[in-house]
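> here is my input; please provide its structure:
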Amino acid sequence: MPSYEYRCLDCKKTFEIFLSYAEYGKKVVLCPHCAGEQVERIIRPIRVARSEESRFEDLADPSMLAGLENDPKALGQMMRKMGNELGEDMGPEFDEVIDRLEKGQSPEDIEKSLPNLGAENESMGSSMGF
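Now for the predicted structure:
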């Protein structure tokens, strides 16, 4: 039988209860601490494991690239998503560039204000679209 987590709205305590699929939504759930009937189900977030190949396929979706050259905010959001999907810390410079793009600053203005951007790793600067 599946277990379901609830919170009592009267005593504020949480509890777990086992219900069959047939019982769920039909059986009255009472708080085992205070016998209160005012309970709400707690639904916790879940994580879905995805393969590296699946994540990269999503990143390669051509529709993600449409119109980015004229929209710094969208470019920043796409780059943040790519960084998150890679699962690696890209460093403070990358984060600064993303933050500036998401605020609407143009890539050209960012490049002018950060003249040493990518100096340590020329390929990183070019992969950022600069």
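
> show me what the longest helix anywhere in the chain is packed up against.
Counting residues, the longest helix found in the chain (DSSP state H) is helix 72-86. Counting contacts by 3 or more C-beta pairs under 8 Å, 6 or more residues apart in numbering; DSSP states H and E, helix 72-86 is packed against helix 52-59, helix 92-102. In short, each C-beta sits where N, CA and C put it, glycine included.

> could I get the buried residue list for that helix?
Neighbour-count burial for helix 72-86, with 16 or more other C-beta atoms under 10 Å as criterion, is recorded at Pro72, Ala74, Leu75, Gly76, Gln77, Met78, Met79, Arg80, Met82, Gly83.

> pLDDT of it, averaged?
Helix 72-86 carries an average pLDDT of 80.

> work out the gap between stretch 26-34 and the centre of the chain.
Its chain's average C-alpha position is 34 Å from that of stretch 26-34, according to C-alpha atoms, centre = their mean, to the nearest Å.

> what residues of that stretch count as buried?
Buried, per 16+ other C-beta under 10 Å, within stretch 26-34: Val29, Leu30, Cys31.

> how close does the first one get to Ser113?
Taking C-beta to C-beta, to the nearest Å as the criterion, Val29 is separated from Ser113 by 58 Å.

> shaky segments in this protein?
Applying pLDDT under 70 to the chain flags residues 1, 55, 58-67, 117-130.
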